[in-house]
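> Need coordinates for the following:
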Amino acid sequence: MKNLLTFIFLTLLLVTASRAQTSPEQIVSSFNAPSDWISKLMADSSFLPLFERKQIAHWTFRNKPDSTIEVTFYLFNYAPNDFTFFDEKEQIYIQLSSCFVTRSDKPNENFISFHKDKYFFLLKRCPCNTRDNGQCKQLAKQLFEWMKGR
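Got it, this is the predicted structure:
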């Protein structure tokens, strides 16, 4: 019994330690962007007043054939008790945005903000059009599957 408890304790300790060491670079590198897209993570400590904190990085996707098409996420440190805070702030952020986003009718074909591990990925407003642009739709679908862990 003592050996079993020791094994469980060590296993939990190992799992906790490995999760604590996950960096934005490791998370981002686990996503395979479609071949027409370039993915780039940049450290960025800009303060975003609405979110009352500094971001830690931004993750940008740029389409190779059409370099004007871009999708960006701002990365923040995230803890489970931050859910309500980020949800409320994102709703205000969306309301303050002056862009009209043309979205697909299918939820898994649209860009959304999300959290993964200990980071919140805030979608920069006005991403590319997923209703009429097949390349944008493909990127959105792959991101959706990846963030859901499929």
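
> Distance check, the residue nearest to the spatial centre of the chain against residue 98.
Averaging the C-alpha coordinates of the chain gives a centre point, and the residue nearest to it by C-alpha atoms, centre = their mean is residue 121 (3.4 Å). Residue 121 sits at a distance of 22 Å from residue 98 (criterion: C-beta to C-beta, to the nearest Å). For glycine as for every other residue, the C-beta is placed from the backbone atoms N, C-alpha and C.

> Nearest residue to residue 37 in space, ignoring adjacent ones along the chain?
residue 61 (5.0 Å; C-beta to C-beta, 6 or more residues apart in numbering).

> How about residues contacting stretch 107-115?
In this structure, residues lying in contact with stretch 107-115 by C-beta atoms under 8 Å, 6 or more residues apart in numbering are 71, 73, 78, 83, 86, 90, 103-104, 120-123, 127, 130, 137, 140-141, 143-145, 147.

> I'd assumed residue 63 was in contact with residue 69.
Yes: with the criterion set as C-beta atoms under 8 Å, residue 69 and residue 63 qualify as a contacting pair; they are 3.9 Å apart.

> Overlap in contacts, these two.
In contact with both residue 69 and residue 63: 128, 135-136, using C-beta under 8 Å, 6+ apart.

> I'd like these laid out as CSV, including distance to residue 114, secondary structure and pLDDT.
Shown next, in CSV, are those (distance: C-beta to C-beta, whole Å; DSSP: H, G, I helix; E, B strand; the rest coil; pLDDT from 0 to 100):
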residue, distance to residue 114, secondary structure, pLDDT
128, 17, coil, 84
135, 21, helix, 90
136, 17, helix, 90
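
> Which of the residues you listed sits closest to residue 33?
Nearest to residue 33 out of these is residue 135 (C-beta to C-beta; 10.9 Å).

> And for the closest one, the neighbour number?
Under the neighbour criterion other C-beta atoms under 10 Å, residue 135 is assigned a count of 17.

> low pLDDT regions in this structure?
Counting by pLDDT under 70, the chain contains low-confidence residues at 1-21, 100-102, 150.

> Using the three-state scheme, assign residue 82.
Assigned by DSSP: H, G, I helix; E, B strand; the rest coil, the conformation of residue 82 is helix.

> Leaving out sequence neighbours, find the closest residue to it.
Using C-beta to C-beta, 6+ apart, the closest residue to residue 82 is residue 120 (6.8 Å).

> In a helix, the one you found, correct?
No: the secondary structure assignment for residue 120 gives strand rather than a helix, going by three-state DSSP.
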